[in-house]
Every structure is written in structure tokens, then in C-alpha cells.
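A.B. asks: Got a sequence here, can you model it:
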Amino acid sequence: MNSTSLLRSTVLFVVAAGIAASPLQAGAASHQPPAEGSRFARLDTPQPVRESARTEAVEFFSYDCGHSQALEQPLQAWAEKHREDVSLSRVPAIWPGSPEENVQRGHARLYYTLERLGLVERLQTGVFRAVHNEHVDLGTETAATDWAVRHGVDAQLFRRTYRSAEVRQSVDDAAAAFIRYGINELPTVIVQGEYRTSPSKAGGVGAMPGVLDQLVQQEQLKK
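C.D. replies: A predicted model of the protein is given here:
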């Protein structure tokens, strides 16, 4: 990871009060079974969810965050396993007022453009690879368009979607959600608007799917 990406990842990992979690501690794997009160926590302010037989899971992530990259493939596999009983959505992290807000908004516009084009499943891993392994700056429309074209996306369609009112609104909504959910670590996954888990809470990125399994099972028993 280059120094700029490391700084962005660290900034995003800092608690609003100024307390930072160690990346080594956050990424340390743990295979112990999740225990309520230690592997996940309740949101200070539970958020409303849609009426559905499926449990709602929301991931807050950043393309600049190495832990978000590490969770991407395990989370995709977890979502596939729970395709029948879980509705997974992703929210790109935007910390309003942070030094990296402009870059975060650029990455969010890229994500929501891919989402509207139905390309997240195909290209999400590639975006992480471009940012972390190839050190490509995808925070501007020009850079994002050039990258998308190299991956087979029509340039005109991509630009039109990137500039759309729907994508702009989604980006603004993401910034508001970051504050509303009280996110202080990335990645964080919210289950049913009430519980959250993250690398430092679960015992590492690798432990998060197991914690999510427990939370989903707990929610399904209520239905």
C-alpha cells in the first residue's frame, strides 16, 4: 500500500473522538465462536429497516481501506450463501469534513455508477485491486471512466450515469448514513439496523462472516 492509501485507510479507521485502532490488531484472525457483547454491539440509535422476510445487512466500506479489500471476497461468498435469507447492500464511506472527503466522494460516485449499471459483482474486486495493487487514483471522473473503459464498459454510458442526479443523490445519502449509523471503523457491517460488527470487534476480518452468521440466525428466529 502506498503512503497516500495508508494515510486514507488510517484516517477512515479513526474514531471520531480521535482514538485509532491498530491495523495489526484489527486484522488479526480469530477462530473463536462469536460471543454476544464481545464480537458485536448494538447501535446507539437503531435504524429502521424494510418489512421483509429477509434480514437486512449493510456494509460500510472504502476502496482505500485494506481491511475492506480483505473482506470483499469473504463477504461476497457469505452473501451468496445467504442469498435466500439476507439482503446485502453496500455503502461507500464518506466522512463529512475529513481531509479525504473529496476522494471519498469520487470513490462513492464510482461505486454507485457501477451499481446502477449492474456491474458491482463483476468489477468490485477489480476496483480494490486497482487502488491497492496498481496504485491507480480513481477519485475523478476522468480516471474512473478510463479505468471502466479498460474493463469493457461503454464510456458514454459510464459518464452519463456517473453525472446523473441519481448517483449524486446516492453519494449525499451515503455521507448522511455514515453519520446516522455512527460508523467509526471500516469495514463495518450493520445487521437489521440494530447490530454492528467490524474487524476490531469480531476479532479480525476473517472472523466477521461467522459473527454475521450468528446475527442472521438470531434475527431469523424472531421472524
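A.B. asks: After the helix or strand of the chain with the lowest mean pLDDT, heading C-terminal, what element do we hit next?
C.D. replies: Here the helix or strand of the chain ranked lowest by mean pLDDT, DSSP states H and E is helix 23-27, holding a mean of 33. Following helix 23-27 in sequence order, the next helix or strand is strand 41-42 (DSSP states H and E).
A.B. asks: Report all helices and strands that that next one contacts.
C.D. replies: Other elements packing on strand 41-42 under the criterion 3 or more CB pairs under 8 Å, 6 or more residues apart in numbering; DSSP states H and E are strand 195-197. From N, CA and C alone the C-beta is placed, and that goes for glycine too.
A.B. asks: Return the distance of the strand it packs on from the chain's centre.
C.D. replies: Taking the mean of its C-alpha atoms, strand 195-197 sits 13 Å from the chain's own mean (CA atoms, centre = their mean, to the nearest Å).
A.B. asks: again with stretch 114-128
C.D. replies: Using CA atoms, centre = their mean, the offset of stretch 114-128 from its chain centre is 13 Å.
A.B. asks: Touching it from outside, list them.
C.D. replies: Residues outside stretch 114-128 that contact it (CB atoms under 8 Å, 6 or more residues apart in numbering) are 63, 68-69, 72-73, 76, 90, 110-111, 138, 147-148, 151, 153, 157-158, 161, 164, 166-167, 170.
A.B. asks: How about the most centrally placed residue in the chain, nearest residue that isn't a chain neighbour?
C.D. replies: Residue closest to the average C-alpha location in the chain (CA atoms, centre = their mean): residue 61, at 2.1 Å. What sits nearest to residue 61 in space, not counting adjacent residues and going by CB to CB, 6 or more residues apart in numbering, is residue 68, at 4.0 Å.
A.B. asks: What about the contacts of stretch 114-128, which are in helices?
C.D. replies: Those of these mapping onto helices are 68-69, 72-73, 76, 110-111, 147-148, 157-158, 161, 166-167, 170, per DSSP state H.
A.B. asks: What is the most widely separated pair among the residues you listed?
C.D. replies: Pairwise distances across the ones in helices among the contacts of stretch 114-128 (CB to CB) peak at 28.1 Å, for the pair 73 and 166.
A.B. asks: Can you pull out the low-pLDDT segments for the chain?
C.D. replies: Along the chain, the parts satisfying pLDDT under 70 run over 1-37, 223.
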